[in-house]
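**Student:** sequence and predicted model, in that order:
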Amino acid sequence: MLVTQEANDLLKRALELPSEERASLAGSLLHSLDTTLDASAEEAWNDEIARRIVESRDRKDC
């Protein structure tokens, strides 16, 4: 993968930021790449989260 000099310079500057700012920047960059929402995947994850919550509660009741 080729990276422009500008992108390489930005990366070097970003790596000098405190970890909290780097994490925020990374999250923003990743979010900018997520341009499509897969409704079926979203539903599947919501179902999985609900299943895990129920499973966790069941374990606490034992």
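**Tutor:** Okay, I see it.

**Student:** please count neighbours and contacts with C-alpha atoms only from this point.
**Tutor:** Noted.

**Student:** how close does the residue most central in space within the chain sit to Glu20?
**Tutor:** Against the mean C-alpha coordinate of the chain, by CA atoms, centre = their mean, the closest residue is Gly27 at 6.1 Å. Here the criterion is CA to CA, to the nearest Å. By it, Gly27 lies 11 Å from Glu20.

**Student:** which helix of the protein spans the most residues?
**Tutor:** With secondary structure taken from DSSP state H, the chain has its longest helix at helix 39-61.

**Student:** and it, what does it pack onto?
**Tutor:** On a contact count with 3 or more CA pairs under 8 Å, 6 or more residues apart in numbering; DSSP states H and E, helix 39-61 meets no helix or strand.

**Student:** pLDDT score for Glu48?
**Tutor:** With respect to pLDDT, Glu48 has a value of 95.

**Student:** count the neighbours of it for me.
**Tutor:** The number of residues packed near Glu48 is 12, by other CA atoms under 10 Å.

**Student:** what does Leu25 give?
**Tutor:** There are 14 residues near Leu25, going by other CA under 10 Å.

**Student:** and the helix or strand harbouring it, how far from the chain's centre?
**Tutor:** Taking DSSP states H and E as the definition, Leu25 sits inside helix 19-33. Centroid displacement of helix 19-33 relative to its chain, using CA atoms, centre = their mean, to the nearest Å, is 9 Å.
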